[in-house]
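Enquirer: need coordinates for the following:
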Amino acid sequence: MITADITAAELKQRLANNETPILIDVREPWEHEEQSIAGAKLIPLGSLPERIHELEEYKDQEVLVHCRSGKRSATAQAIMQQQGFTNVRNVSGGMLAYNEA
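Expert: Next up, the predicted model:
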């Protein structure tokens, strides 16, 4: 299953419209501390396989994953899809694009 990515601009617009998407930050804790998106749940990519059970309730909901540039979150997206998540979207460009949007 391939789910279309979401742009950082689309995410920013949804947040501006007071939407509360399920947003997972797969960066490291120090990156999250430096800058984060309000409401994002931090699950670093390296710990995602053993923590994926924390996201079980979202298996059939839209889940947005982001990192610094979009590479780690693309990996997280693939891991989650392999575990049966049906609507995982990568924030293309990650925080770098988010800061520019």
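
Enquirer: which residues does the residue lying closest to Glu62 once chain neighbours are set aside contact?
Expert: Nearest residue to Glu62 in three dimensions, chain neighbours excluded: Asn87, at 4.6 Å (Cβ to Cβ, 6 or more residues apart in numbering). Placement of C-beta: from N, CA and C, glycine included. Each residue near Asn87 by Cβ atoms under 8 Å, 6 or more residues apart in numbering is listed here: Thr3, Asp60, Gln61, Glu62, Val63.

Enquirer: state the phi and psi torsions of Asn87.
Expert: When quoted as degrees, to the nearest 10, the phi and psi of Asn87 stand at phi -140, psi 60.

Enquirer: tell me if Asn90 really is in a helix.
Expert: No - Asn90: not assigned to a helix; according to DSSP: H, G, I helix; E, B strand; the rest coil it is strand.

Enquirer: how near is it to Arg27?
Expert: Asn90 sits at a distance of 13 Å from Arg27 (criterion: Cβ to Cβ, to the nearest Å).

Enquirer: in the sheet, who's paired with the residue nearest the centre of the chain?
Expert: Nearest residue to the geometric centre of the chain (Cα atoms, centre = their mean): Val65, 1.1 Å. When bridges are called by DSSP bridges, Val65 pairs up with Ile24, Asn90.

Enquirer: tell me how far stretch 9-29 lies from the chain's centre.
Expert: 8 Å (Cα atoms, centre = their mean, to the nearest Å).

Enquirer: rewinding a little: please identify every residue contacting each of Asn90 and Arg27.
Expert: By Cβ under 8 Å, 6+ apart, the residues touching both Asn90 and Arg27 are His66.

Enquirer: tell me where the protein has strands.
Expert: Secondary structure of the chain (DSSP state E): strands located at 6-7, 22-25, 41-42, 63-66, 88-92.

Enquirer: and among those, the most buried is which?
Expert: Sort the strands of the chain by mean neighbour count, taking mean count of other Cβ atoms under 10 Å, and strand 63-66 sits at the top with a mean of 26.

Enquirer: send me that strand as PDB with only the CA atoms.
Expert: Taking Å, rounded to 0.1, in the frame of the first residue of the first chain, the C-alpha atoms of strand 63-66 are listed here in PDB:
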ATOM      1  CA  VAL A  63      -1.200   9.200  10.600                       C
ATOM      2  CA  LEU A  64       1.400  11.800   9.500                       C
ATOM      3  CA  VAL A  65       5.100  11.100  10.100                       C
ATOM      4  CA  HIS A  66       7.900  13.600  10.000                       C
END
